[in-house]
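> dropping a prediction and its sequence here:
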Amino acid sequence: MRQTTGFARLPGGQRIAFAVVGSGPPVVLPAWWVSNVVEDWHFGPLCRFIEGLAAGRTVVRYDRLGTGLSDRDRPAETFTKDFEDVTLCAVVDELGLARAALLGISCGSCTAVSFAARRPERVDRLVLYGSYAQGHALGSPEAQASMIGLVRSHWGLGSRLLADMFGPDWSAEDRAAFTTAQRTAAGAEVAAELLALIYDTDVRDELPRVRAPALVVHRERDRAMGLKGAREVAALLPRADLVTLPGNTHLPWHGDGDAVLRVIAPFLGIEGPPAPPGEDRADADTGTLGELSAREREVLVLVAAGLSDAQIAERLVISPHTVHRHVANILAKLRRPTRAAAAAAAARAGLLGP
């Protein structure tokens, strides 16, 4: 696919670089720690992941101020959660996006939550991957201070240590490529301040104010952002499902990126990559869609569309309690742990249509 790039202007006049791929309803990826929208596009796993999203969506990425192709001069007072919200707002306004889905990855999940809580009318649905609710819970104060200091004083060594956390099983070549990309995307001072911002960010008060349906996805052994943080995020969101995946790499396109796409694609209304043959057989061996009643199939289609129990009840003219019972029966019959997992199974079986 062809990527196009442009710039959005912040209220202070600074330029924010963004990239757009694909067509269809927009999904915006709030920027993660450090990035470069052009150089990152040449990284095969990331490109494949973005193209998977762009099969049915217009995918928007951008570089934070001080990183990548955005203006590199970043004033000290801009290292705040509110400034990240302003940056995301500037990008979606530049592109004329009145309403969009958000896919928040790593620290970008906090920006997505803040935006969704503050501007609910502009967020269609929310996917959070590798997320956390409170940065101070990501490590002891001493460990956090040590990491920030190492990045600031020895960016090369700091980037290698972070690579060990992001991809414990990476090859030497993968680790070297990742550290080089980090150091190219940002200087030591900006990287250190952005890392400090990760540890300072707390969205626990904003999570309960998010109205959009949400899907929280996390790898079970993620060392950078532990699974405990994702569980807290899902518990605080009013309309969220949590799906855990095997693996220990932090960014979704590393490791089995297709597995991540297969989970989030039905929630975003797009077709995910085909499942490996073994996974298809596993689906066939578990509970089948043929066990669902006609009403349960109706409910499952609306669940996959992201509707809450109350909204489904209103649509079908039944009580929320009845909807809740139908959903419980669906999960039991399909032997799936969450609404999102049941929707994914239905999508793979063709129940949700093209």
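It's in.

> now do Arg122 against Ala305, distance only.
According to C-beta to C-beta, to the nearest Å, Arg122 stands 19 Å off from Ala305. Backbone N, C-alpha and C define where each C-beta goes, glycine included.

> ok, Glu94 next?
29 Å.

> swap in Pro75?
For Pro75 relative to Ala305 (C-beta to C-beta), the value is 43 Å.

> wait, Leu97 touches Val27, no?
No: at 10.0 Å, Leu97 does not count as touching Val27 under the criterion of C-beta atoms under 8 Å.

> confirm Tyr117 sits in a helix?
Quick fix: residue 117 reads Ala, not Tyr. Yes: using DSSP: H, G, I helix; E, B strand; the rest coil, the secondary structure at Ala117 is a helix.

> show the contacting residues for it.
Listed by C-beta atoms under 8 Å, 6 or more residues apart in numbering, the contact set of Ala117 reads Val203, Glu206, Leu207, Arg209, Val210.

> wait, the second one sits on Ala112?
No: here Glu206 does not reach Ala112: they are 10.3 Å apart, not a contact under C-beta under 8 Å.

> neighbour count for these two, which is higher?
Ala112 (31 against 19; other C-beta atoms under 10 Å).

> quick one, what contacts that one?
By C-beta under 8 Å, 6+ apart, Ala112 lies in contact with Pro30, Leu88, Leu102, Leu103, Gly104, Leu126, Leu128.

> repeat that with 7 Å
Pro30, Leu102, Gly104, Leu126, Leu128 (C-beta atoms under 7 Å, 6 or more residues apart in numbering).

> again with Arg315
Leu302, Leu307.

> shaky segments in this structure?
277-288, 337, 351-354 (pLDDT under 70).

> can you give me the domain boundaries for it?
As assigned by automatic domain parsing, the chain contains the domains 4-268, 277-348.

> okay, how far is it across the longest one, tip to tip?
Using C-alpha to C-alpha, to the nearest Å, the end-to-end distance of domain 4-268 comes to 22 Å.

> what of stretch 230-245?
12 Å.

> what comes up buried for stretch 16-28?
Ile16, Ala17, Phe18, Ala19, Val20, Val21, Gly22, Pro26, Val27, Val28 (16 or more other C-beta atoms under 10 Å).

> just those: which are in strands?
The strands, defined by DSSP state E, take in Ile16, Ala17, Phe18, Ala19, Val20, Val21, Gly22, Pro26, Val27, Val28 from these.

> of these, closest to Leu242?
Nearest to Leu242 out of these is Val27 (C-beta to C-beta; 19.8 Å).

> quickly list what that closest one is bridged to.
Val59, Ala101 (DSSP bridges).

> could you report the neighbour count for Leu300?
Neighbour tally, Leu300, other C-beta under 10 Å: 26.

> re earlier: of Pro75 and Ala305, which one has the most company?
Neighbours per residue, other C-beta under 10 Å: of Pro75 and Ala305, the larger number sits with Ala305, 17 against 11.

> how about the more buried one, phi and psi?
Ala305 adopts backbone torsions of phi -80, psi 0, taken as degrees, to the nearest 10.

> need the contact list for it.
For Ala305, counting by C-beta under 7 Å, 6+ apart, there are no contacting residues.

> what's the distance between the nearest residue to Gln134 once chain neighbours are set aside and Leu138?
Nearest residue to Gln134 in three dimensions, chain neighbours excluded: Asp202, at 4.7 Å (C-beta to C-beta, 6 or more residues apart in numbering). Relative to Leu138, Asp202 is positioned 11 Å away (criterion: C-beta to C-beta).
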